[in-house]
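[1] Sequence and predicted structure are below.
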Amino acid sequence: MEKIGPRLKQALIVMALVVAGLWVIELVDTVVSHSLDAFGIMPRTVEGLGGIVVAPLLHAGFGHLAANSVPLFALGTVLWTEGIKKWLVTVATSWLTSGVFAWLIGPVQAVVVGASGVIFGLITYLIVRGFLSRSWLHLGIGLVVMFAYGYALLGIFPWAVGPFVAWQGHLGGAIGGLLAAWLLHRRSERTRMRPVI
């Protein structure tokens, strides 16, 4: 916590670059008549597997990207201040589980794109980490962003979202965030309990 100032500054710069990169990609996608979206996740197809890697970088227009930019920036910034390793583990886990769930149980003939699965992972990570570590800061930030993002966690249920929203990716991302929180908490507990010789 003693280095929160410089770390926060670094987090703001990193997340500004991440979000700016997504806007550049969407600008290119618009110029090429949204042909990049074809690289998204196509559920239960071999060619759609590659979308697991690239889908969070693609969005269905600037409105979709704008809706994801603020929570991604805010949550990513908070998590980066905890440390690069925690940020990487949480983002990577949420990214992967979100994509896998969208590929496994997403609607056939759909193309799933967007960073919302990663966002659900970050929200879930902060909330679960808050409970596990008894940190009111983690829990509070997670809950504030969740409610500001439109009661976000309801987006893991098919009845709570529109017909063109990939709740499967949201659910997968949330499970990834939960998994990351548990793994990182377990690791920190083991480190704390390691005997000193």
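    Cool, got the structure. Numbering: from 1, shown residues only.

[2] quick one: the helices in this protein?
    Using DSSP state H, the helices of the chain run over residues 4-31, 51-54, 62-82, 84-105, 116-133, 136-148, 167-193.

[3] Need the contact partners of the second one.
    Yep, that's helix 51-54 we're talking about. Contact partners of helix 51-54, identified using CB atoms under 8 Å, 6 or more residues apart in numbering, comprise 39-42, 96, 99-100, 102-103, 111-113. In short, each C-beta sits where N, CA and C put it, glycine included.

[4] ok, so of the residues you listed, who is nearest Val32?
    Phe39 (11.4 Å; CB to CB).

[5] Where does the prediction get shaky in the chain?
    Filtered on pLDDT under 70, the chain yields the residue ranges 1-4, 138, 142, 145-146, 149-156, 159-163, 189-197.

[6] who's in contact with Val46?
    For Val46, no contacting residues are found, by CB under 8 Å, 6+ apart.

[7] What spatial separation is found between it and Trp103?
    Counting by CB to CB, to the nearest Å, the gap from Val46 to Trp103 is 10 Å.

[8] Skipping its backbone neighbours, what lies nearest the residue nearest the centre of the chain in space?
    The centroid of the chain falls nearest to Val118 when counting by CA atoms, centre = their mean (1.5 Å). Take Val118 and drop its neighbours on the chain: the residue closest to it by CB to CB, 6 or more residues apart in numbering is Ser94, 4.8 Å away.

[9] what's the neighbour count on the one you found?
    31 (other CB atoms under 10 Å).

[10] Let me know whether the residue nearest to the centre of the chain touches Trp95 as I believe.
    Yes: Val118 lies in contact with Trp95 (CB atoms under 8 Å); the separation is 5.4 Å.

[11] what sits in contact with each of those two?
    With CB under 8 Å, 6+ apart, Val118 and Trp95 have common neighbours 56, 173.

[12] before we move on, the earlier item: identify the residues contacting the residue nearest to the centre of the chain.
    So, once contact is read as CB under 8 Å, 6+ apart, Val118 ends up touching 56, 72, 91, 94-95, 98, 173.

[13] before we move on, what about Met15?
    Met15 touches 72-73, 76-77, 80, counting by CB under 8 Å, 6+ apart.

[14] May I have stretch 101-115 as PDB, with CA atoms only?
    C-alpha atoms of stretch 101-115 as PDB (Å, rounded to 0.1, in the frame of the first residue of the first chain):
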ATOM      1  CA  PHE A 101     -18.200 -20.700 -22.200                       C
ATOM      2  CA  ALA A 102     -19.300 -18.600 -25.200                       C
ATOM      3  CA  TRP A 103     -17.900 -21.200 -27.500                       C
ATOM      4  CA  LEU A 104     -19.400 -24.200 -25.700                       C
ATOM      5  CA  ILE A 105     -22.900 -23.000 -25.000                       C
ATOM      6  CA  GLY A 106     -23.300 -19.800 -27.100                       C
ATOM      7  CA  PRO A 107     -26.100 -19.700 -29.700                       C
ATOM      8  CA  VAL A 108     -25.300 -21.400 -33.000                       C
ATOM      9  CA  GLN A 109     -24.700 -19.100 -36.000                       C
ATOM     10  CA  ALA A 110     -23.800 -16.200 -33.700                       C
ATOM     11  CA  VAL A 111     -20.500 -14.400 -33.600                       C
ATOM     12  CA  VAL A 112     -19.600 -13.400 -30.000                       C
ATOM     13  CA  VAL A 113     -17.400 -10.300 -29.600                       C
ATOM     14  CA  GLY A 114     -16.700  -7.800 -26.700                       C
ATOM     15  CA  ALA A 115     -14.800  -7.400 -23.500                       C
END
